[in-house]
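# Below is the sequence, then the predicted model.
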Amino acid sequence: MKKIVAAFLILSSISVSTYSCKNKEKANDPNNKKIETTTISNTSKDKMTDTQWKIKWADEFEKETIDSNNWTLQVVKAGRFNDEWQRYTNSDKNAYIENNCLVIKAIHESDKHGLNQYTSARLHTANKQSWKYGKIAARMKLPQGMGIWPAFWMLGANIDENGGDTPWPQCGEIDILELYGTKDDGRIESNVHYADSSGEHAMMGATSFKLDTGKFADAFHVFELEWHENRLAWFVDGKQFAEMDISSDELAELHKEFFILFNVAVGGTYAGRPNDTTSFPQHMYIDWVRVYEKS
């Protein structure tokens, strides 16, 4: 977002994708084609077991409020990042727990479109939880619409933005998913940002995954990053769609600890702008987030 192999068993991934947030009603078919946020049941969360991986850390969002041992809500003025129009708040209007989901809510506060007319949330685990290597996964239902820009991503734990000594992109960035509603509500992208041998910004280049039908706002999906010592691999619902070799000396920053971020931006240099076709509020639902290590 900053811009300035072992997968789950396919059967296991499909099994989990048939459940919504805890206490929500299961979809009528095994592909979970539509889950309304207002329907509720008592289905327990599946732990997505895989003999090659074991859970190292997780937040299942089963507490009444956001766990401050795991998450910090950044307070950021509008326009600080990528000329985005929203400001990030620590208000429970913009980020909260509902039906055992973490919800990030983007709100349009006026009838005008422009800078500082929106609020949203950006949560991270910096200085609380960080990892090097493993499987990083989350089950999510994404927002949609012109100018809407949700992301699930990681930054180097040494970034100066959070008290470290290393600026971006030297700290490294791994984008597990970004969705640009202005482009396609049924397509997500992955990417990596780093500093090349001359210290200049370089990147893997965006690699996309498109749903066969529908939008990512229609249902929950499992998004995964496998982070090995020599490569990165990205998956949606157990299907790999991107890979990057990280064995080069130039990619040393990708062999240090990283922390997790979730956010929903509105507008921005790379995301386009919302307009009268964009409905508000927009919601991103995170059923769970987990970090696995090799068994």
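Looks like it arrived, so ask away.

# For the closest residue to residue 60 other than its chain neighbours, grab phi and psi.
Taking C-beta to C-beta, 6 or more residues apart in numbering, and ignoring the residues beside it in sequence, residue 60 has residue 288 as its nearest neighbour in space, at 4.9 Å. The way it works is simple: take the backbone N, C-alpha and C, and place the C-beta from them, glycine included. Backbone torsions for residue 288, taken as degrees, to the nearest 10, come to phi -160, psi 160.

# Can you read off the pLDDT for residue 288?
With respect to pLDDT, residue 288 scores 98.

# how many neighbours does it have?
24 (other C-beta atoms under 10 Å).

# Kindly report the same for residue 245.
10.

# need the contact list for the nearest residue to residue 210 once chain neighbours are set aside.
Nearest residue to residue 210, sequence neighbours excluded (C-beta to C-beta, 6+ apart): residue 187, at 4.4 Å. Contacts of residue 187 were listed using C-beta atoms under 8 Å, 6 or more residues apart in numbering, and they are 179, 180, 208, 209, 210, 211.

# Just the buried ones from those residues?
179, 180, 208, 209, 211 (16 or more other C-beta atoms under 10 Å).

# before we move on, back to that, kindly present the contacts of residue 187 as JSON lines, with separate columns for distance to residue 276, secondary structure and pLDDT.
Converted to JSON lines, those look like this (distance: C-beta to C-beta, whole Å; DSSP: H, G, I helix; E, B strand; the rest coil; pLDDT from 0 to 100):
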{"residue": "179", "distance to residue 276": "21", "secondary structure": "coil", "pLDDT": "98"}
{"residue": "180", "distance to residue 276": "19", "secondary structure": "coil", "pLDDT": "97"}
{"residue": "208", "distance to residue 276": "27", "secondary structure": "strand", "pLDDT": "98"}
{"residue": "209", "distance to residue 276": "29", "secondary structure": "strand", "pLDDT": "98"}
{"residue": "210", "distance to residue 276": "26", "secondary structure": "strand", "pLDDT": "98"}
{"residue": "211", "distance to residue 276": "26", "secondary structure": "coil", "pLDDT": "98"}
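
# Can you pick out the most distant pair from those residues?
Largest separation among the contacts of residue 187 by C-beta to C-beta: 180 and 211, giving 14.4 Å.

# Name the nearest of the buried ones among the contacts of residue 187 relative to residue 167.
When the buried ones among the contacts of residue 187 are compared against residue 167 (criterion: C-beta to C-beta), the nearest one is residue 180, at 25.4 Å.

# Show me the shaky parts of the stretch 1-150 of the chain.
1-20, 22-50 (pLDDT under 70).
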